[in-house]
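Student: take a look and give me a structure for this.
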Amino acid sequence: MAGEPRALRPSTLTIAAAVAMLLIYSSGWQLPIFGEKSDESASALLRVAFLPAYALGFFLVAGDPWNMLRATLRQPFLILLMGVVAASIYWSIQPDVSIRRGFAVGCTTMSGLVLAARFRWADLAKVFSITFALLIVGSYLVSIAMPRVGVMTELFPGAWRGLWMEKNALGGLMALGICILCATALLTPRSARIWLPFAALAFGLVILSQSKTSLASLVLGLLALGFVWIAQRGPAFGAAATWAAVSGAALLGAFVLLASDVFFHLLGKDATFTGRTQIWTAAMRQIQERPWLGYGYAAVWSDKSGWGPLAWIVHDAKFTPQHAHNSWIEQWLGMGIVGLCAWGLFYLQTMALAVISVFRDRGAMLAFPFLVVYSLVSLTESIAVVYNDFRWAIFVALAAKLAFSDRAQEQV
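Tutor: Residues are numbered from 1 along each chain as shown. Next up is the predicted model:
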């Protein structure tokens with residue numbers, strides 16, 4: 001970044017504000033401060049803890065409102081999606097809950113948009129990498145110095161969970177972190193000696209978490225990063241990499257279909273994805289009751305009435321889930337076909353731009369691996385359109401940045 005105009009370099013204060021905002025969204029402070037029994041939906045104090053993140057987001061918007069507006073206008077499907085979130089208040093089974101959580105997801109989404117508006121690719125990668133580096137150090141410190149907090153003792157005893165509630169959260173975030181840290185090293189080679197050691201430390205956390213799913217996600221993410229790196233070597237390399245990627249995806253699909261038992265065994269899962277298929281079946285039954293509009297944004301899983309959709313899902317699934325464990329079913333359940341289509345259009349726009357960027361923009365090294373892993377995880381976890389969520393903020397930032405390139409950002 002030594003050769004770029006000084007006016008384009010973000011200030012230390014701007015970078016610090018962005019990092020602090022992302023650290024709050026990471027919820028890496030929740031377990032050490034509030035303990036295992038903390039529940040955001042029931043704790044007003046815990047909800048208030050996210051207000052500084054919203055304030056930092058508005059602070060960043062105030063620093064460059066024009067670029068914020070330009071970046072937002074390039075996301076018509078995201079605007080539509082947030083509109084459906086807001087409109088769902090009128091048909092929600094818990095309007096007060098949908099209002100509160102709708103405001104929270106709006107602020108989380110704004111936070112992602114402002115990151116794309118304020119930072120160019122290299123600087124955005126730096127912000128993400130600093131955030132993950134701090135989370136990595138914090139996870140080691142809490143797991144070693146306070147093992148009763150950082151290491152699981154009841155379920156999966158001995159597995160590290162670091163700063164989060166369970167091991168899969170640590171493993172999944174660290175898998176994403178490794179992809180981001182390695183991408184940052186490629187985008188800014190001079191800083192590789194800083195970020196690659198942190199990537200190695202993050203790999204250690206993936207292993208210590210004992211999460212096979214996270215390890216599989218990591219492999220997929222690194223393969224995606226390697227694909228981008230090869231594709232950007234030149235047209236011939238790009239064609240060869242594309243052929244190899246398509247062939248590899250076809251072979252993997254055939255392996256999953258023809259040897260599903262082996263596949264599940266390697267992941268440490270059963271054919272129900274640890275009970276997820278029971279949740280999906282139960283949720284789909286409730287979707288059939290209100291397919292077009294759903295039950296209201298984020299209103300289902302905290303409904304304690306005893307007669308609403310959650311009661312029937314618990315009855316059918318034989319246990320109480322915390323969410324749908326599928327980002328697509330989650331949108332359909334909460335916001336109906338209207339919300340599902342809005343999310344689907346936003347996702348398709350983002351992935352189409354990501355694929356195009358592989359052959360045109362070095363920023364694809366940061367965006368494409370993250371989006372590939374995010375897409376995989378979204379099939380078994382509800383990580384899309386989630387309020388106060390680290391991964392959703394990053395997804396929105398990358399989606400907006402793909403549509404708001406460095407060149408567009410620099411134009412006055």
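Student: report the distance from stretch 93-101 to the chain centre.
Tutor: The chain centroid and the centroid of stretch 93-101 are separated by 23 Å under CA atoms, centre = their mean, to the nearest Å.
Student: also stretch 305-315?
Tutor: Centroid separation for stretch 305-315 versus its chain: 28 Å, with CA atoms, centre = their mean.
Student: cool, stretch 15-34 as well?
Tutor: Centre-to-centre, stretch 15-34 and its host chain are 15 Å apart (CA atoms, centre = their mean).
Student: buried ones in that stretch?
Tutor: Neighbour counts using 16 or more other CB atoms under 10 Å place 15, 17-19, 21-28, 30-31, 34 of stretch 15-34 among the buried residues. In this view, the C-beta of every residue, glycine as well, is placed from N, C-alpha and C.
Student: report the two of those residues separated the most.
Tutor: Greatest spacing in the buried residues of stretch 15-34, by CB to CB: I15 and F34 (27.9 Å).
Student: one step back: least confident of the buried residues of stretch 15-34?
Tutor: pLDDT across those is lowest for F34, at 84.
Student: how about the nearest residue to that residue, chain neighbours excluded?
Tutor: Excluding the flanking residues, the one nearest F34 by CB to CB, 6 or more residues apart in numbering is L46, at 6.3 Å.
Student: give me phi/psi at the one you found?
Tutor: phi -70, psi -40 (degrees, to the nearest 10).
Student: verify the contact between it and S27 for me.
Tutor: No - taking CB atoms under 8 Å as the definition, L46 is not a contact partner of S27, at 9.4 Å.
Student: and the end-to-end length of stretch 305-321?
Tutor: Start-to-end span of stretch 305-321 (CA to CA, to the nearest Å) is 16 Å.
Student: swap that for stretch 183-199, sorry
Tutor: Chord length of stretch 183-199, first to last residue, is 10 Å (CA to CA).
Student: and Y347, what helix or strand is that in?
Tutor: helix 327-358 (DSSP states H and E).
Student: which SSE is immediately downstream of that helix?
Tutor: Counting by DSSP H and E, the next helix or strand C-terminal to helix 327-358 is helix 364-377.
Student: quick check: next helix or strand after that following helix?
Tutor: helix 390-403.
Student: relative to helix 364-377, how tilted is that next one?
Tutor: 130 degrees (axes from the mean of the first three to the mean of the last three CA atoms, to 10 degrees).
Student: could you check the angle helix 327-358 makes with helix 390-403?
Tutor: Orientation check (the same axes, to 10 degrees): helix 390-403 against helix 327-358 gives 40 degrees.
Student: now do the buried residues in the helix or strand that comes right after helix 390-403.
Tutor: If you walk from helix 390-403 toward the C-terminus, the next helix or strand you reach (DSSP H and E) is helix 406-410. Residues of helix 406-410 classed as buried: D406, Q409 (neighbour count, 16+ other CB under 10 Å).
Student: centre of the chain to helix 406-410, how far?
Tutor: The chain centroid and the centroid of helix 406-410 are separated by 25 Å, computed with CA atoms, centre = their mean.
Student: helices or strands up against it?
Tutor: Here helix 406-410 touches helix 65-73, going by 3 or more CB pairs under 8 Å, 6 or more residues apart in numbering; DSSP states H and E.
Student: now do the buried residues in whichever helix or strand comes after the helix it packs on.
Tutor: Sequence-wise, the next helix or strand downstream of helix 65-73 (DSSP H and E) is helix 76-87. Buried residues in helix 76-87, counted by 16+ other CB under 10 Å: F77, L78, L80, L81, M82, V84, V85, A86, A87.
Student: tell me the contacts of F237?
Tutor: Neighbouring residues of F237 by CB atoms under 8 Å, 6 or more residues apart in numbering: I230, A231.
Student: immediately after the lowest-mean-pLDDT helix or strand in the chain, which helix or strand?
Tutor: Counting by mean pLDDT, DSSP states H and E, the chain has its least confident helix or strand at helix 260-267, which shows a mean of 68. Sequence order places helix 276-287 as the next helix or strand after helix 260-267, per DSSP H and E.
Student: quick one: that next one to helix 327-358, angle?
Tutor: In terms of direction (the same axes, to 10 degrees), helix 276-287 departs from helix 327-358 by 110 degrees.
Student: for helix 276-287, packing partners?
Tutor: Applying 3+ CB pairs under 8 Å, 6+ apart, one finds that helix 276-287 contacts helix 309-317, helix 327-358.
Student: deepest of those helices, which one?
Tutor: helix 327-358 (a mean of 21; mean count of other CB atoms under 10 Å).
Student: who are the packing partners of that one?
Tutor: Secondary-structure packing of helix 327-358 (3+ CB pairs under 8 Å, 6+ apart): helix 76-87, helix 212-231, helix 276-287, helix 364-377, helix 390-403.
Student: out of those helices, nearest to L176?
Tutor: If you check each of these against L176 by CB to CB, helix 364-377 wins as the nearest, at 6.0 Å.
Student: now do the closest one: distance to the chain's middle.
Tutor: Using CA atoms, centre = their mean, the offset of helix 364-377 from its chain centre is 9 Å.
Student: what ranges does the stretch 1-150 of the chain have for its helices?
Tutor: Assigned by DSSP state H, counting those that start in this stretch, the stretch 1-150 of the chain shows helices spanning 12-26, 30-34, 44-48, 51-63, 65-73, 76-87, 95-118, 121-145, 147-150.
Student: who wins for proximity to L186 among the helices and strands packed on helix 327-358?
Tutor: Taking CB to CB, helix 364-377 is the member of the helices and strands packed on helix 327-358 nearest to L186, at 5.2 Å.
Student: tell me the angle of the closest one relative to helix 121-145?
Tutor: In terms of direction (the same axes, to 10 degrees), helix 364-377 departs from helix 121-145 by 50 degrees.
Student: and helix 364-377, which residues are buried?
Tutor: For helix 364-377, the neighbour count (16+ other CB under 10 Å) marks 364-375, 377 as buried.
Student: so what's A408 up against?
Tutor: Going by CB under 8 Å, 6+ apart, A408 touches R70.
Student: what's near enough to touch the closest residue to I89 other than its chain neighbours?
Tutor: Nearest residue to I89 in three dimensions, chain neighbours excluded: S98, at 4.8 Å (CB to CB, 6+ apart). The neighbours of S98, taking CB under 8 Å, 6+ apart as the test, are S88, I89, S92, G296, Y297, A298, A299.
Student: most widely separated two among the residues you listed?
Tutor: With distances taken as CB to CB, the most widely separated pair in these is I89 and A298, at 10.8 Å.
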